[in-house]
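>>> My questions are about this predicted structure, shown below with the sequence.
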Amino acid sequence: MGAVDVQYADSGRARAGLVVGDELTFDTVVAEHVADIARTAPYEPGALYRRELPCITAVLEFGPPLELLVIDGYATLDPDGRPGLGAHAAEAFRLPVIGVAKTPFRGATHAAEVVRGGGSRPLYVTTAGGVDLAEAAQMVSAMAGPHRIPAALARVDRLARGREQPELRMR
């Protein structure tokens with residue numbers, strides 16, 4: 001299982017992070033990777049995937065083959081399945097994708113709300129590529145970490161921001 005995130009600099013550069021776990025809960029992280037991207041496409045409203053997918057592709061090249069990808073954001077944007085970043089990633093990488101968003105998106109009334117860590121603010125879970133939404137919500141609820149944001153997503157965010165460096169973990 002892999003969790004990915006991308007952060008952008010004003011200079012047009014980006015850094016993508018990948019955390020790989022050997023089970024759905026990410027209890028055991030087996031690898032971490034980052035990819036520095038020298039030049040990214042400009043932000044285009046309604047087409048974030050054009051900017052993000054090349055960055056995700058770059059970091060996935062460092063990791064092992066994955067069975068599932070977790071992204072920070074929406075997989076689908078409405079109940080009719082309008083594709084978000086996750087749906088585009090599912091198609092591009094031929095992987096099931098779980099989208100975990102921190103804020104509600106107008107029109108995403110289909111998103112499953114998951115409350116974690118004793119908090120009251122939910123995460124918004126969506127899926128693409130064949131993952132059942134109720135199953136995905138259970139997976140996100142069970143992911144390692146005591147806080148609202150699952151530990152794997154918090155870690156990949158820090159890696160992508162350059163706040164921490166990947167730790168080499170091998171079995």
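In hand now; what should we look at? Numbers count the residues shown, from 1 in each chain.

>>> SS state for the residue nearest to the spatial centre of the chain?
In the chain, the centroid-proximal residue (Cα atoms, centre = their mean) is residue 71; its distance is 1.3 Å. Of the three states, residue 71 takes strand according to DSSP: H, G, I helix; E, B strand; the rest coil.

>>> any idea how far residue 13 is from the nearest residue to residue 67 once chain neighbours are set aside?
Nearest in space to residue 67, with sequence neighbours left out and distances taken as Cβ to Cβ, 6 or more residues apart in numbering, is residue 1 at 6.5 Å. Just so you know, the C-beta spots here come from the backbone N, C-alpha and C atoms, and that holds for glycine as well. In this view, residue 1 and residue 13 are 28 Å apart by Cβ to Cβ, to the nearest Å.

>>> Residue 157 now?
Going from residue 157 to residue 13 by Cβ to Cβ gives 17 Å.

>>> of these two, who's got more company?
Neighbour comparison, residue 157 and residue 13: the larger count goes to residue 157, with 19 against 13 (by other Cβ atoms under 10 Å).

>>> Surely the more buried one is within a helix?
Yes - under three-state DSSP, residue 157 falls within a helix.

>>> Is it in contact with residue 4, as I believe?
No - look at residue 157 against residue 4 with Cβ atoms under 8 Å: they stay out of range, at 10.2 Å.

>>> centre of the chain versus the helix or strand residue 127 falls within, how much separation?
Following DSSP states H and E, one finds residue 127 within strand 123-128. Remark: strand 123-128 is offset 10 Å from the chain centroid, using Cα atoms, centre = their mean, to the nearest Å.

>>> Strands of the chain, residue ranges please.
Counting by DSSP state E, the chain has strands at residues 2-8, 14-21, 29-37, 69-72, 97-101, 112-114, 123-128.
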